[in-house]
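In: below: sequence and its predicted model.
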Amino acid sequence: MPLFLQGFTIGLAYVAPIGLQNLFVINTALTQKKSRVYLTALIVTFFDVTLALACFFGIGAVMSAFTWLQMIVLCVGSLIVMWIGIGLLRAKDKMDTSTKVDVPILKVISTSCVVTWFNPQALIDGTMLLGAFRTTLPKEHVVEFILGVNLSSFVWFFGISTILSLFSAKFNDKILRIINIVCGAVIVFYGVKLFINFVQMIL
């Protein structure tokens, strides 16, 4: 169970920082009826989960097969993960209500796919974070960990959709700042942990 919770925590810290996916979900929740809100959350979650699985089992599995590649990815990945976390701690994001959300459902699907799978930053972040963690896990705990990561996507996107539908007037820039600070701190912590694993491998 601890690795499931660890995966869930990392997943939340990875998905919660305000980016294009979150802005789309947020703006939908603030302006659309509940059926569209939850359908959008489901579509975004699907693409998030498939990317996480690809980064974890695909790239992560390749890294596990080669010790030299593990060491490179753990070293570079830990530094990138810490940099992502520090960036979140320093970010001063603001609510962006200009994103158009009243669009056909096929447009929602294509936009979610592009923002996730054709977003270089998402691919790099997912590869370095999840791929690097894959190399540090015992084989018997791999599924437990990734289930936690994937559950976090469902909890986050459906949770934020529900909360915003109910309390849209109270959601502001200060809330976004708090979310980014918490997520940044968690990601920095796990980046340090990955770097310690790298140091242990070379000693």
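Out: Cool, got the structure. Numbers count the residues shown, from 1 in each chain.

In: may I see the buried residues of the longest helix anywhere in the chain?
Out: Ranked by residue count under DSSP state H, the longest helix found in the chain is helix 173-202. Under the neighbour-count criterion of 16 or more other C-beta atoms under 10 Å, helix 173-202 has 176, 179-180, 182-184, 186-188, 190-191, 194-195, 197-198 buried. C-beta here means a position set from N, CA and C on the backbone, and glycine is covered the same way.

In: that one packs against which elements?
Out: Using 3 or more C-beta pairs under 8 Å, 6 or more residues apart in numbering; DSSP states H and E, the elements in contact with helix 173-202 are helix 2-15, helix 67-90, helix 132-136.

In: and Ile109, which of those helices is closest to it?
Out: helix 2-15 (18.6 Å; C-beta to C-beta).

In: got the buried residues for the closest one?
Out: So, applying 16+ other C-beta under 10 Å, buried residues of helix 2-15: 3-4, 6-15.

In: ok, stretch 78-85 next?
Out: Going by 16+ other C-beta under 10 Å, stretch 78-85 has these buried residues: 78, 80-82, 84-85.

In: ok, and the closest non-adjacent residue to Ala29?
Out: Closest residue to Ala29 apart from its sequence neighbours, by C-beta to C-beta, 6 or more residues apart in numbering: Leu164 at 3.7 Å.
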